[in-house]
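[1] sequence and predicted structure, then a few things I'm wondering about:
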Amino acid sequence: MNFSELKGFLDEKADVYNKPDFIQDDPVQIPHRFSLKQDIEIAGFLAATISWGNRKSIIKSAEKMLDIMGNSPYDFVLNHSEKDLRLLKDKSIHRTFNGEDFSYFIKQFHKIYNENQSLENLFLINHQENNFYHSIERFRQKFLGIEKHRTHKHVSSPYKNSSSKRIMMFLRWMVRNDKRGVDFGIWENIDLKFLSIPLDVHTGNISRKLGLISRTQNDWKTVEELDIIIRKFDEKDPAKYDFALFGLGVTKELF
């Protein structure tokens, strides 16, 4: 396919999946259970953090966290007790993300929301930046703190050449506002033109099959390689092509 054919093909596939029907089988359904901005942020970040493996399992594990928080994430973050956190320590949550990790996240959320109305403040793009490379690292330093903890591994770093797939997915949810009913677009101070594709093994393989990328690793350098072409397709909303790549992965029509 030439450039215009490939763009048309991906636009068509994005349109197929970028609709409310997508929600019912995807972790994005977790923050969609809320209307308060902070509830959406917290539920979304937790769901994105554990988004690896089977999607049904991810959703079930996210529901477990919501149940623990009384289905009021923001209220729990602000008003939990030390006893609440102690009771979390030995709980199983999702694979290697355990009760200790969940407890640490709650404490860190508490600190952040005591100083900020929204997580958006921690992801703002600075002048002359054209993606979230530095933004994610600034967020990590604020959210995780400087003291080393086992939980740090659950918030990946592009400075270590990670694709930061789960954070990029969370950012897509929060930033994109196309009125299609999937992404929330509740962050109004970050332009969606800075978004990248949440790159994992599936989107990476499909991108190579389509000739969008040449690198074999699914890392941050490959994210930036993919940025170059998808921003030519749509410089204002490049991350919409995540729906296309996801859809092609589900249908397996290229394999």
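    That came in fine, so what should we check first? Numbering: from 1, shown residues only.

[2] quickly note the distance from Gln29 to Met1.
    Distance of Gln29 to Met1, computed by Cβ to Cβ, to the nearest Å: 33 Å. Glycine gets a C-beta too; all of them are placed from N, C-alpha and C.

[3] compare the two and say which is more crowded by neighbours.
    Neighbour count, other Cβ atoms under 10 Å: between Gln29 and Met1, Gln29 has more, with 18 against 11.

[4] ok, that one touching Ile23?
    Yes: look at Gln29 against Ile23 with Cβ atoms under 8 Å: they come within range, at 4.8 Å.

[5] low-confidence stretches in the chain?
    255 (pLDDT under 70).

[6] now the helices for this structure?
    Taking DSSP state H as the criterion, the chain carries its helices at 3-17, 37-49, 55-68, 73-79, 82-88, 99-115, 133-144, 165-175, 201-209, 220-233, 241-251.

[7] between those, which one is closest to Lys193.
    Comparing those against Lys193 with Cβ to Cβ, the closest turns out to be helix 220-233 (7.6 Å).

[8] now do that closest one against helix 165-175, angle only.
    Helix 220-233 runs at 30 degrees relative to helix 165-175, counting by axes from the mean of the first three to the mean of the last three Cα atoms, to 10 degrees.

[9] what does helix 220-233 rub up against?
    Outside of helix 220-233, the residues within contact range by Cβ atoms under 8 Å, 6 or more residues apart in numbering are 3, 6-7, 10-11, 131, 133, 158, 161-164, 168, 193, 196-197, 199, 204, 207, 212-215, 238-239, 241.

[10] list only buried entries from these.
    Buried residues within the contacts of helix 220-233, counting neighbours by 16 or more other Cβ atoms under 10 Å: 7, 10, 131, 133, 158, 162-164, 168, 193, 196-197, 199, 204, 207, 212-213, 238-239, 241.

[11] next, format the helices of the chain as CSV and append distance to Leu124.
    CSV is the format used below for the helices of the chain (distance: least, Cβ to Cβ, whole Å):
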stretch, distance to Leu124
helix 3-17, 27
helix 37-49, 14
helix 55-68, 27
helix 73-79, 21
helix 82-88, 29
helix 99-115, 14
helix 133-144, 7
helix 165-175, 11
helix 201-209, 26
helix 220-233, 19
helix 241-251, 22
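
[12] and of those, who's closest to His152?
    helix 133-144 (5.3 Å).

[13] alpha carbons only: can I get that closest one in CSV?
    Extracted in CSV, the C-alpha atoms of helix 133-144 (Å, rounded to 0.1, in the frame of the first residue of the first chain):
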residue,chain,number,x,y,z
TYR,A,133,9.3,11.3,27.2
HIS,A,134,10.3,13.9,29.9
SER,A,135,6.7,14.3,31.2
ILE,A,136,6.5,10.7,32.3
GLU,A,137,9.8,10.9,34.1
ARG,A,138,8.7,14.0,35.9
PHE,A,139,5.5,12.2,36.9
ARG,A,140,7.5,9.2,38.1
GLN,A,141,9.7,11.3,40.4
LYS,A,142,6.7,13.1,41.9
PHE,A,143,4.5,10.0,42.3
LEU,A,144,7.0,7.4,43.3
